[in-house]
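> the following comprises the amino acid sequence and a computationally predicted model.
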Amino acid sequence: MSEKPHTVAIGAFIVGALLISIVIAIFVLGSGLGQSEKIVMVFNGSVKGLNIGAPVAIRGVQVGQVTSIKIVLNKDTLDILMLVEADFRAQNIQTVGTKKEDVTEELIHRGLRAQLNTQSLLTGLLYVEMDFHPNSEVQLADIDSPHFQFPTIPTDLERLAMKLQKMDFAKLADNVDSALNGINTFITSADFQAMPITLKATLDAVTTLSNQLQSQLASSMPKLDLVLDGTAVTVANANKQLPIISAGITKNLDTLNQAITAFETAMNDIDELVAADSPTTYRMNEALKELALAAKAMQQLAKTLEEQPEALIRGRRGDN
């Protein structure tokens with residue numbers, strides 16, 4: 001009889017708890033807080049440390065959580081991919097602006113990528129961090145999923161591991177071994193062994209040359225000072241004489257200009273004298289004509305004396 005009230009109390013508690021759960025679910029769904037969008041992300045590397053329920057964050061602010069982690073095996077290429085599904089709660093992001101359309105594609109175009117990150121170095125747990133990487137390419141895997149695929153990028157350690165995998169360590173070791181052998185051969189050679197002696201001789205020669213230069217500079221400095229003093233005196237004298245020379249040149253140029261003017265005047269006078277219509281030219285022409293007549297008379301006289309030498313005494317024969 002005493003167990004029946006306890007059974008009734010337990011049943012009433014369970015029913016009450018179910019009613020409370022139903023009311024909370026209805027409130028959450030009605031208010032929109034339970035609405036979420038399913039996204040899928042594909043990672044090529046290990047997801048060890050990523051558990052279901054791990055947060056999905058944008059620059060540290062949680063906007064979702066991981067709901068499923070699967071392995072996808074491609075039978076044709078034998079590639080293994082890690083498929084991570086998550087609930088993305090867009091209502092956790094406050095938006096401003098007038099655009100009504102979805103801007104997810106534009107954000108991806110600008111470099112928004114998903115990347116695994118460490119929650120704690122002590123526990124090694126991972127979470128999905130979304131941030132902008134403008135220089136990264138959009139790489140989407142060929143998978144069959146009804147959900148939106150969000151592009152991912154490998155972690156820094158994964159990129160470093162891929163670079164290390166591409167390195168040919170055997171060839172690098174051979175190159176290092178060859179370089180060490182070359183260094184060993186050079187060190188043990190006779191030329192390297194004799195290098196300290198040669199270096200000492202070179203240093204001694206440099207020291208001797210330095211001493212000689214110091215001695216020559218000590219003896220040349222007084223002479224150089226005298227030359228500089230003489231140069232300074234010469235420059236001072238030149239500064240005094242240049243104005244005098246300049247004045248003499250100016251005076252000579254004035255005299256030369258006067259001479260050129262007088263020469264031009266004389267040439268103009270000569271042009272007037274020798275002009276075709278000048279009186280001087282007319283008189284000279286008349287004088288030349290008279291000289292021509294006199295010369296003709298003298299020519300006739302000379303011819304007469306040549307034919308009749310006695311003409312000076314008796315006169316010409318035709319005159320009698």
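Cool, the structure landed. Numbering: from 1, shown residues only.
> helix/strand/coil for L291?
Classification of L291 by DSSP: H, G, I helix; E, B strand; the rest coil places it in helix.
> now do the same for it: its pLDDT.
Looking at L291, its pLDDT stands at 79.
> please enumerate the strands of the chain.
Remark: strands assigned in the chain by DSSP state E are 37-43, 55-58, 61-73, 80-88, 112-118, 126-132, 148-150.
> OK, contacts around the residue positioned nearest the centre of the chain?
Here the mean C-alpha position of the chain is nearest to the C-alpha of N135 (CA atoms, centre = their mean), at a distance of 22.2 Å. Counting by CB atoms under 8 Å, 6 or more residues apart in numbering, N135 touches G111. Just so you know, the C-beta spots here come from the backbone N, C-alpha and C atoms, and that holds for glycine as well.
> format the strands of the chain as TSV; extra columns: distance to N184 and mean pLDDT.
Shown next, in TSV, are the strands of the chain (distance: least, CB to CB, whole Å; pLDDT from 0 to 100):
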stretch	distance to N184	mean pLDDT
strand 37-43	47	93
strand 55-58	56	94
strand 61-73	51	93
strand 80-88	47	93
strand 112-118	45	92
strand 126-132	48	94
strand 148-150	56	92
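> between those strands, which one is nearest to K100?
Set against K100 and scored by CB to CB, those come closest in strand 37-43, at 17.1 Å.
> which strands border that closest one, and is each parallel or antiparallel?
strand 80-88 (antiparallel), strand 148-150 (parallel) (DSSP bridges).
> just put the ones you listed in a markdown table and tack on mean neighbour count and distance to T207.
Output for these, formatted as a markdown table (neighbours: other CB atoms under 10 Å; distance: least, CB to CB, whole Å):
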| stretch | mean neighbour count | distance to T207 |
| --- | --- | --- |
| strand 80-88 | 19 | 72 |
| strand 148-150 | 16 | 73 |
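> a markdown table for the ones you listed, including distance to T255?
As requested, those are exported to a markdown table (distance: least, CB to CB, whole Å):
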| stretch | distance to T255 |
| --- | --- |
| strand 80-88 | 106 |
| strand 148-150 | 102 |
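> for N181, find the nearest of the ones you listed.
strand 80-88 (42.9 Å).
> run a quick neighbour tally on A54.
A count of neighbours around A54, defined by other CB atoms under 10 Å, yields 22.
> which residues touch it?
By CB under 8 Å, 6+ apart, the contact list for A54 reads Q65, V66, Q119, L125, L126, Y127, V128.
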